[in-house]
Every structure is written in structure tokens, then in C-alpha cells.
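S.K.: 3D model of this:
(one chain, ligands or ions: 1)
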Amino acid sequence: MQEQVTGQDQKFQAGRSRPKLRVLLVEDEVIFARAVAKRLQQAGYDCEHAATLQAGRELVRQMAPDMILLDMRLPDGNGLDLLPELVAKGISVISMTAYGEVADAVYAMKLGATDYLKKPVDLDELLLTIEKAQAATRLKHHLDYSRQRNMHATEGVELLGDSPAMSSVKAQIERFAQLVTFSDAIPPTVLIQGETGTGKDVAARLLHLSCANSDRPFVHVDCASLPAELIESELFGHEKGAFTSAQGSRCGLIEAAEDGTLFLDEIGELPLALQAKLLNVLERRMVRRLGSTKEHPVLARFVAATNRDLHQMVLEGRFRSDLFYRLNVLTMNMPPLRERGDDILLLAKHFAVQTERRYGLQPRPFSAGATSMIREYHWPGNVRELKHQVSRAVLLGRESQIMPHDLALPGSLQPEQAMTIPERGVTLESAEKALIENALRQSNNNVSEAARQLGITRMAMRYRMERHGIKV
Ligand SMILES: Nc1ncnc2c1ncn2[C@@H]1O[C@H](COP(=O)(O)OP(=O)(O)OP(=O)(O)O)[C@@H](O)[C@H]1O
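M.R.: Here you go, the predicted model:
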């Protein structure tokens, strides 16, 4: 028997903005099932009901539930028979057992159920248990995500560019790799500073690859994107029961880095309380999981990166000075892209070829106008912005060359240059003339292209050129 619960309570769901959790209830007591379904729908969940194992299996396929409330004693078998396949699908399962079936509940937990409820089920307790299970699933996904993204972490790492600024960075990476590999006591901490998108992450991975034990783990922790309440357990690990959703014990990322590299990205975003704990780890080289009394030695080398001015943050009381001095031992500054001379074009060509290959497109050169625009633009988002704009231009451009308008940059002039009025003043007429001459220069005297850059028609451009006596 299979029953879908819909109807009068649908109105409670309307207008809820959070995605609805899909809950499947596998339960043969129909009156109890109706009460549960009604309550869950009122609470904003999507709920469907199956009264047998077979109907449950069928609905799992159809509705792909996020969570299952699973009764143990069903007309066509025991809920425990269905449990392993649900767990294997990554579905969170809450088992429901009648009085006197404690052994079933224990066995269900061993098979991977997230939690259990004893019948008769109190509906408020049921809601709390669902919320708890949801939090546990979210935590697990975050941990799995962090671990997964660290696999293949150093594949295909390249720091392109041979401008003096980049050559000096590469030489520094080599030198630091020697220092952190062969210091017999504690490997000194490396701090990589630089504007956003300058390649700090790439530099950290390259440093790891340049060390003697590059086959050891490289573990990346993004202090900015991890929710504050997860950073601590992510970094330090936890024992079972250390907090409500800690279902089992788990090693933290500091431990997971073993004797490899722990890369603390966006260290400036680390909450003050955790800064103190991190300092303790750096000083004592010991780590203790949340809820544990046992300490583990820390063998990893620490590399931190930031696009913030940590010194300024120290002055403002937002970053601990003792941690700053501890981190600021070997410091590397990633130069902004605009200070890398010909590297800008080299990188632009590299990203263009990369995109063309990836999408099986015909190679197209940059037009002279696009080339000078790339050279002159100030690239506030650095290499990341260049990569993004070039890929976009390659994918969207229609002409035989990549044109300035394909790059969609906000003009090649730096905003400050374009906006600043000289002390002696300037007339609108002369500013307009300068802009037109500039656009023509950038587009290699291509009038249509220059008109496009200035957002006017070719006719209007011709008219203005004539008025200012500009000839091409
Ligand atoms: N020199 C380089 N050669 C090739 N690719 C690079 C280079 N520098 C950066 N990149 C690429 O640019 C993008 C941004 O680099 P990365 O993430 O290392 O910057 P970041 O400084 O860590 O940025 P954020 O401060 O925002 O975290 C990445 O896709 C990276 O592969």
C-alpha cells in the first residue's frame, strides 16, 4: 500500500524560501503516518508516505528523499533490510522502533542510521531529531567537501611568467622549500601576501611540490569560506559526542596534513578565539581533538596566505599580534598583475589557448586593440580576472580575432586617470578629443571599434572626429 500525503496543509509550505527537505516516511500505521506527515508539512518539509518496504523502495527512486523515517516492523519485512541500501545512497535515516526493540535500534545505528526514535513518537521530539540529523548531514558534507577538494590538490600547478617580479617569486619559493624541508627542528611558517587573484594559492602548492616530501598531503583550509562554527572542528577534529552532531570521532585537517603542508588560506578571516588556539598549536606543535584529553604531535609545515594587511589588522585589534609575528617568519609578496610587464600578455595567450582547447575552438589571435587594452588595463582582480575575461572573450567572440569589446573591460583607462581633473582645469571639448584619440590609438585606428569602445555609433564618431579635426 502506498499513500501520498498532500492536501489541506499545503498552504503552510507556500512562500517558504529555504529549499524543502524531502522526507519519506516508511510506516504501516496509517493514522500515525498521517499525523506525522501533517506535522512535517506544517513545518515546511515535503513529505511522502509508503506503508511497505517495497513501496518505500519505489518512492526512494521517484522522489530521491533527503531523509527517511524508517519503521522496523513492516508487513513485507524488517526496515533493517532496507537500511544499508539507503545509507549507501547517502540518505540520512532515522529509525523508529517500538518499545522492547532496543536491539533493533542499536543495530540500525551500527548499519549507519543517523539517529533513532522510540515509539510512541512524540511529534515535537520528531521535529528536533530531524533538525539534528539535518545538521549532522550538513557537517558531514562540509567535511567530505574539504577532504575531497584536497585530493589532486597539486595536480597541474603552474606559476607562469618570467618578468623580474615573478622570477624573484620563483627563486624565493625554491629557497623557502629548502628551508622548510631541511630545518631539523620545527619548519618555519611561510606567509604569502598579495592582492586577490595574484596566485597565492598556486604559490603555496608550488612550494609544497618543491619540498623534498612533496608526496605527503597538501591540505587546503579556506578560513573565509568555512562557516565559523565548523572551522574549529574542521581544523582540530573531534571525538564522538564532542557536540550535538558529532556522531563519530574524526581527525581534523591539522592531523590530516601529517608531515606534509597545511595551507591556511585567508588567514585574516580566522576568528580571534581560534587565532589563540592556532598559536598554541604552532608553539607547542601539539593538537587535541574537541572533546578529547589526548594530544597528537603536529608534524605539518604551515603556510598561510592573506590579501589583507595583517599588520594593520593587528593595530586595529582584529588580529593577534603574537600570531602575526609567529606567521611572519618567511614572507613572500605576490606582485599585482599590473606590475608584471610582458607576463600579462603571456598569461592572456595561455588562458586563450587553454579555453580554445577545452572547447575545441579554432585558435584566434588577439587584435592589436585587444592587446593594448590588456596591457593598459589595471587588473584589480589580477590573474583570476584576466583568466575569466579572456575565457569569456574566447567563448563569446564572433570575429576572426579577439577584439577589445569581447574582453568587456570597463575601458582601458584606469578610473582615476579617466576621472581626475588637472589643477589647471580641463574643457569638456578637450577631454572628449583626448578620449577619441585614445580609443583610436587602442583600436589601431579602426573607427568602428573605437566607436564601440566609446559607446557611440560610427556616424557619431565620424562627426566628432571631424569636429575635432582628427584624421586617420
Ligand atoms: N602565475 C600564474 N600562472 C598561471 N595561472 C595562475 C598564475 N597565478 C594565478 N593563476 C591562476 O589564477 C587564478 C587565481 O589564483 P589563486 O587562487 O592562486 O589566487 P589567490 O591569490 O590565492 O586569490 P585569493 O586571494 O582570492 O584567494 C587561479 O585559477 C590560478 O590557477
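
S.K.: Go ahead and confirm V23 touches D46.
M.R.: Yes. Contact criterion CB atoms under 8 Å: V23 and D46 qualify, at 6.8 Å. Glycine gets a C-beta too; all of them are placed from N, C-alpha and C.

S.K.: Mind checking which of these two has more residues around it?
M.R.: Neighbours per residue (other CB atoms under 10 Å) separate V23 from D46, with V23 holding more: 24 against 17.

S.K.: how about the more buried one, what does it touch?
M.R.: By CB atoms under 8 Å, 6 or more residues apart in numbering, the contact set of V23 is L40, Y45, D46, C47, E48, P65, D66, M67, I68, L69, I130.

S.K.: one more time with 6 Å, if that's ok
M.R.: By CB atoms under 6 Å, 6 or more residues apart in numbering, the contact set of V23 is L40, Y45, C47, M67.

S.K.: Counting only strands, which of those residues make the cut?
M.R.: Secondary structure assignment by DSSP state E places C47, M67 of the contacts of V23 in strands.

S.K.: that's a strand at S225, yeah?
M.R.: No. S225 is assigned coil when assessed by DSSP: H, G, I helix; E, B strand; the rest coil, not a strand.

S.K.: how near is A352 to M373?
M.R.: Look at A352 and M373: by CB to CB, to the nearest Å, they are 14 Å apart.

S.K.: Please apply the same query to I94.
M.R.: 59 Å.

S.K.: now swap in S167 and tell me
M.R.: In terms of CB to CB, S167 sits 26 Å off from M373.

S.K.: One more: T331?
M.R.: Counting by CB to CB, the gap from T331 to M373 is 34 Å.

S.K.: and what of E195?
M.R.: 20 Å.

S.K.: Can you verify my assumption that R384 contacts T196?
M.R.: No. In this structure, R384 is not within contact of T196 by CB atoms under 6 Å, at 7.1 Å.

S.K.: Please tell me how far H378 sits from G369.
M.R.: Counting by CB to CB - H378 and G369 are separated by 17 Å.

S.K.: same question, L159
M.R.: From L159 to G369 the distance is 29 Å (CB to CB).

S.K.: Neighbour count: the two, which is higher?
M.R.: G369 (27 against 15).

S.K.: the more surrounded of S167 and M373?
M.R.: M373 (21 against 12).

S.K.: helix or strand for the more buried one, which one?
M.R.: helix 368-376 (DSSP states H and E).

S.K.: burial count for G469?
M.R.: 7.

S.K.: L270 too?
M.R.: 24.

S.K.: Endpoint to endpoint, stretch 293-310 covers what distance?
M.R.: 33 Å (CA to CA, to the nearest Å).

S.K.: Check stretch 179-199 too.
M.R.: OK, stretch 179-199 end separation, CA to CA: 21 Å.

S.K.: how much space between A431 and E437?
M.R.: Counting by CB to CB, the gap from A431 to E437 is 11 Å.

S.K.: Which one's more surrounded, those two?
M.R.: E437 (15 against 12).

S.K.: give me the element the more buried one is part of.
M.R.: Short version: E437 belongs to helix 428-442, going by DSSP H and E.

S.K.: what pLDDT, on average, does that helix get?
M.R.: Average pLDDT, helix 428-442: 83.

S.K.: How far does that helix sit from its chain's centre?
M.R.: Put simply, helix 428-442 sits 42 Å off its chain's centre (CA atoms, centre = their mean, to the nearest Å).

S.K.: what packs against that helix?
M.R.: helix 368-376, helix 447-454 (3 or more CB pairs under 6 Å, 6 or more residues apart in numbering; DSSP states H and E).

S.K.: how about 10 Å then?
M.R.: The elements that helix 428-442 packs onto, with contact taken as 3 or more CB pairs under 10 Å, 6 or more residues apart in numbering; DSSP states H and E, are helix 368-376, helix 415-419, helix 447-454, helix 458-468.

S.K.: Of all the ones you listed, which one comes closest to the ligand?
M.R.: helix 368-376 (15.1 Å; CB to the nearest ligand atom).

S.K.: Tell me which residues of the very next helix or strand once past that closest one come out buried.
M.R.: Moving toward the C-terminus from helix 368-376, the next helix or strand (DSSP H and E) is helix 382-396. Neighbour counts over helix 382-396 (16 or more other CB atoms under 10 Å) mark N382, V383, E385, L386, K387, Q389, V390, S391, A393, V394 as buried.

S.K.: what does stretch 445-455 give?
M.R.: Quick answer for stretch 445-455 (16+ other CB under 10 Å): N446, V447, E449, A450, A451, R452, Q453, L454.

S.K.: didn't the last one look like it was pressed against A434?
M.R.: No. Contact status for L454 versus A434: not in contact, 11.7 Å apart, counting by CB atoms under 10 Å.

S.K.: and the stretch 301-450 of the chain, which residues reach the ligand?
M.R.: Applying CB under 6 Å from any ligand atom, one finds that the stretch 301-450 of the chain approaches the ligand through N307, V383, R384, K387.

S.K.: Just give me the closest of those residues to L279.
M.R.: Proximity of these to L279 (CB to CB) peaks at N307, which lies at 21.3 Å.
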